[in-house]
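In: Sharing a model that was predicted from the sequence below.
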Amino acid sequence: MPDPASSLPADYFDDIYRAERDPWRFETSPYEAAKYAATLTALPRERYRSAFEIGCSIGVLTARLAERCDRLLSVDLSELALDEARRRTAMQPQVELRQMAVPTGYPDERFDLTLLSEVGYYWSTADLRLAGERIIEHLESGGHLLLVHWTEPVPDYPHTGDEVHEHFLTAYPDQLRHLDGRREPQYRLDLWERR
């Protein structure tokens, strides 16, 4: 049984990436391709000045998101995943990649878009709360927050995707205005605007 008091550590992900370069089939899965298309379609603006992607993995979505950003900062816990993301985005100078353990680490900048995709369920309850606070603190007024998560339970994960989305729906009504929500057979997408 997963412990909601403990976030998954970096070596959990490094072990996965050591075993396989694209363990979740981000490059080849029709499910991932459809989810990425829905993610980009859900963004209300055609272009963002400064976006932050939490958990970029090997950069498949990063490369597509970058086409709509003047600047995109994408971070991941695993340096092995970031090596692949760097190769993929090498010809996109607006992309900056950093190794970072969000939420204990967080960039100083402010953003008009934050994307949290397939990451929140790895966090402990305390880290999920801290992440919410930091995301809001660094999201500009009128900026967008987009969450996309797999909704099936995974034995290793401290939370489900639904628990992550429900936290954001209920914990920050004075700071976030919910704009859109969509549930597909295996994932959920929710969009907010910073009040």
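Out: Great, that's in hand.
In: Just list the residues touching the residue nearest the centre of the chain, thanks.
Out: The structure's the chain has its C-alpha centroid closest to residue 116; by CA atoms, centre = their mean the separation is 2.3 Å. Contacts for residue 116 (CB atoms under 8 Å, 6 or more residues apart in numbering) come out as 54-55, 131, 135, 145-148. Any C-beta I mention is one placed from the backbone N, CA and C, and that applies to glycine too.
In: Next step: the residues you listed restricted to strands.
Out: 54, 145-148 (DSSP state E).
In: could you dump those residues to CSV with neighbour count, distance to residue 100 and pLDDT?
Out: Output for the ones in strands among the contacts of residue 116, formatted as CSV (neighbours: other CB atoms under 10 Å; distance: CB to CB, whole Å; pLDDT from 0 to 100):
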residue, neighbour count, distance to residue 100, pLDDT
54, 24, 9, 98
145, 25, 18, 99
146, 23, 19, 98
147, 26, 18, 98
148, 25, 19, 98
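In: Closest one of those residues to residue 70?
Out: Closest approach between the ones in strands among the contacts of residue 116 and residue 70, by CB to CB: residue 146, at 17.4 Å.
In: wait, what's in contact with the closest one?
Out: Residue 146 makes contact with 39, 42-43, 113-117, 189-192, according to CB under 8 Å, 6+ apart.
In: Look at residue 77 and report its pLDDT.
Out: For residue 77, the pLDDT comes out at 96.
In: Help me confirm that it comes into contact with residue 103.
Out: No - contact between residue 77 and residue 103 fails when scored by CB atoms under 8 Å: they sit 11.4 Å apart.
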